[in-house]
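1. Need a 3D model of the following:
(one chain, ligands or ions: 1)
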Amino acid sequence: MKRKLFFFITLLIILSAVNCSDNIISECELCCGDVPAGKTTFADIQSTIFNAACIACHSGSLPSGGLNLSAGAAYGNLVNVASNGSALKRVEPFNSDASYLVKVLEGTDAPLMPPGAPLGSAKIDSVKAWIDRGAAND
Ligand code: HEC
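-> You can find the predicted model right below:
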């Protein structure tokens, strides 16, 4: 009985791996309104990430971290703007590794954002891809 179960689970794992192997890995990892990383625009990031998971704290007259991420304000407060929490800019165009926004989303050398509830890796990858394509206001 246990052997059959083990075999069945192994088969499932193999099948799902095969299913994701045809150069559609990013689509396999997507969920819940995610946009494929290579196509993410700033408007997508605003609606699927900032509006959904950040503006509860990052809006109003005294936004957390001195950072307002509400629609219309977020872009101007991020791109090429110095961060308060580090020597990095919040978003350094073409360089996601040097962007403090990515540090907080990953929680590396920075307080994790959203606190205690990290975004999925597909969402973080889409932010990185947008920055590495130049962080346009698209
Ligand atoms: C529960 C409240 C809360 C939520 C939700 C939240 N933050 Fe924060 N954020 C903070 C606080 C508080 C700080 C100040 C740093 C600290 O004390 O941890 C901060 C700091 C930051 C900073 C650093 C600003 C700077 O210049 O140093 C960034 C960037 C940031 N948050 C991005 C985000 C993003 C993006 C999201 C959503 C994905 C998010 N935060 C969600 C509370 C929050």
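
2. Helices of the protein, residue ranges please.
-> 2-19, 25-29, 42-45, 51-53, 74-78, 100-106, 121-132 (DSSP state H).

3. Tell me which residues touch the residue positioned nearest the centre of the chain, please.
-> Of all residues in the chain, the one closest to the mean position by C-alpha atoms, centre = their mean is I124, 2.1 Å from it. Residues in contact with I124 (C-beta atoms under 8 Å, 6 or more residues apart in numbering) are 102, 105-106, 118. For every residue, glycine as well, the C-beta is placed using N, CA and C.

4. can you do 7 Å?
-> 105-106 (C-beta atoms under 7 Å, 6 or more residues apart in numbering).

5. any idea how far it is from G66?
-> Distance, I124 to G66, using C-beta to C-beta, to the nearest Å: 22 Å.

6. Quick check: residues of this protein near the ligand?
-> 49, 53-54, 56-58, 64-65, 67, 83-85, 90, 100-101, 104, 111, 113-115, 119 (C-beta under 6 Å from any ligand atom).
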